[in-house]
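Colleague: Structure of the sequence below:
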Amino acid sequence: MAKRDYYEILGVEKTAGEDDLKKAFRRLAMKYHPDRNPDADAQEKFKEAKEAYEILCDKQKRAMYDQYGHAAFEQGMGGGRGGGFHGADVGDIFGDIFGDIFGGGRGGGRPRRGSDLRYVIELDLEEAVFGVERTIEVPTLVGCKTCNGSGSKDGKTSTCSTCRGHGRVRMQQGIFSVQQVCPHCAGSGKAVANPCKDCRGEGRVEDERALQVKIPAGVDSGDRIRLAGQGEAGPAGSEPGDLYVEVRVREHGIFQREGDDLYCEVPIRFTQAVLGAELKVPTLEGEATITLPQETQTGKLFRLRGKGVKNVRSGRLGDLHCRVVIETPVKLTKRQRELMEELESTFEGAEPGAHTPRANSWFDGVKQFWERMTS
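Modeller: Model (predicted):
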């Protein structure tokens with residue numbers, strides 16, 4: 001039976017790079033590895049994919065294969081199938097696969113520890129900026145107090161008969177052999193003859209733990225605080241997991257945050273924009289003053305240095321940016337309307353753009369638009 005093309009086996013183009021080859025082999029290994037696929041032909045397909053990957057990830061062997069095909073490796077030419085390979089990091093791929101199968105990655109042979117936990121804490125902007133200390137209630141698995149986390153009613157343990165105290169067992173599947181955490185003792189190497197009734201030999205029970213969490217100043221949404229050893233208790237007294245407190249900052253009624261800078265909009269009257277004025281604006285530490293020059297345009301930004309957020313890592317202070325927005329006067333009195341009409345009459349006959357800075361560029365743009373439309 002003729003051998004299939006190596007590129008066809010992996011499902012890649014002949015120009016595929018090393019990363020593409022690795023991804024293709026990993027995909028096939030996940031599908032056909034004997035530990036995952038018990039079908040009779042899965043082992044053959046896996047061996048076929050492994051052989052293709054070994055050849056194509058070795059630059060010298062790949063060059064010979066591209067030139068001579070399968071004949072390059074017959075009768076010892078090119079080192080043969082068993083001659084080893086240098087370009088293919090199969091160990092990395094197997095580590096990923098076994099991590100998916102046994103849940104432990106390369107650490108799959110280590111004693112099982114408690115699971116890491118994630119807790120989301122919501123903060124007001126002021127709390128995130130200045131820091132706060134909070135008490136949180138975390139539902140989790142904690143060490144059983146009755147047996148002190150040992151899982152044993154009388155505190156006595158013996159050597160696990162399955163792994164003989166090693167905490168790991170070897171599994172054989174065809175030509176492959178892998179180690180995994182012992183399923184009976186969870187990697188502790190110990191067995192319990194008289195299980196604790198409260199925890200049923202697990203060494204841990206469900207409970208709610210109250211923890212004090214100190215949130216440092218300057219945190220932002222998405223930041224995480226790691227509390228080592230505050231996750232789930234491990235089985236039978238093994239190492240606990242960690243707790244990750246994730247920060248979410250609520251929207252603020254006045255300020256918007258971008259990194260270490262704060263932004264806010266400040267409404268101003270038409271007359272203030274024309275004549276200039278001094279304005280009191282809010283900051284997170286109290287009031288500050290900004291000076292509007294005459295003829296201020298709407299949207300202009302005024303920066304107050306150091307009035308933003310202190311960076312949680314570098315300690316650098318951000319800035320506060322105040323964007324002024326001119327509001328159209330409403331509910332005018334008769335006298336105010338008369339004054340507005342009188343003011344408007346003074347603009348009649350004036351050159352376009354004399355009093356409106358953007359008028360010239362706007363009218364020029366409109367003119368060019370119509371010329372393009374009618375040409």
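Colleague: Just the pLDDT for residue 331.
Modeller: You'll see residue 331 listed with a pLDDT of 93.
Colleague: Look up how far residue 341 lies from it.
Modeller: 16 Å (C-beta to C-beta, to the nearest Å). (Glycine included, C-beta is placed from N, CA and C.)
Colleague: Could you list the low-pLDDT ranges of this structure?
Modeller: 1-2, 34-36, 38, 74-112, 172-177, 237, 352-353, 358-363, 375 (pLDDT under 70).
Colleague: how about the helices in it?
Modeller: Assigned by DSSP state H, the helices in the chain fall at 6-10, 18-32, 42-56, 59-68, 90-102, 125-130, 270-275, 334-345, 359-374.
Colleague: can you redo those helices as CSV with mean neighbour count and distance to residue 247?
Modeller: CSV is the format used below for the helices of the chain (neighbours: other C-beta atoms under 10 Å; distance: least, C-beta to C-beta, whole Å):
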stretch, mean neighbour count, distance to residue 247
helix 6-10, 19, 44
helix 18-32, 17, 35
helix 42-56, 20, 43
helix 59-68, 15, 48
helix 90-102, 16, 29
helix 125-130, 20, 7
helix 270-275, 15, 39
helix 334-345, 10, 49
helix 359-374, 10, 45
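Colleague: would you list those in TSV and tack on distance to residue 293?
Modeller: Below are the helices of the chain laid out as TSV (distance: least, C-beta to C-beta, whole Å):
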stretch	distance to residue 293
helix 6-10	68
helix 18-32	57
helix 42-56	69
helix 59-68	68
helix 90-102	62
helix 125-130	30
helix 270-275	10
helix 334-345	20
helix 359-374	20
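Colleague: Any idea which of those gets closest to residue 251?
Modeller: helix 125-130 (8.2 Å; C-beta to C-beta).
Colleague: Kindly format the C-alpha coordinates of that closest one as PDB.
Modeller: Provided in PDB are the C-alpha atoms of helix 125-130 (Å, rounded to 0.1, in the frame of the first residue of the first chain):
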ATOM      1  CA  LEU A 125     -14.400  55.200  41.200                       C
ATOM      2  CA  GLU A 126     -13.300  57.000  44.500                       C
ATOM      3  CA  GLU A 127     -12.600  53.600  46.100                       C
ATOM      4  CA  ALA A 128     -10.500  52.500  43.100                       C
ATOM      5  CA  VAL A 129      -8.600  55.700  43.000                       C
ATOM      6  CA  PHE A 130      -7.800  56.000  46.700                       C
END
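Colleague: Show me what that helix packs onto, helices and strands only.
Modeller: The helices and strands touching helix 125-130, judged by 3 or more C-beta pairs under 8 Å, 6 or more residues apart in numbering; DSSP states H and E, are strand 243-249.
Colleague: Spatially central, which residue of the chain would that be?
Modeller: Here the mean C-alpha position of the chain is nearest to the C-alpha of residue 222 (C-alpha atoms, centre = their mean), at a distance of 8.2 Å.
Colleague: Look up how far residue 126 lies from it.
Modeller: Taken as C-beta to C-beta, the span from residue 222 to residue 126 is 18 Å.
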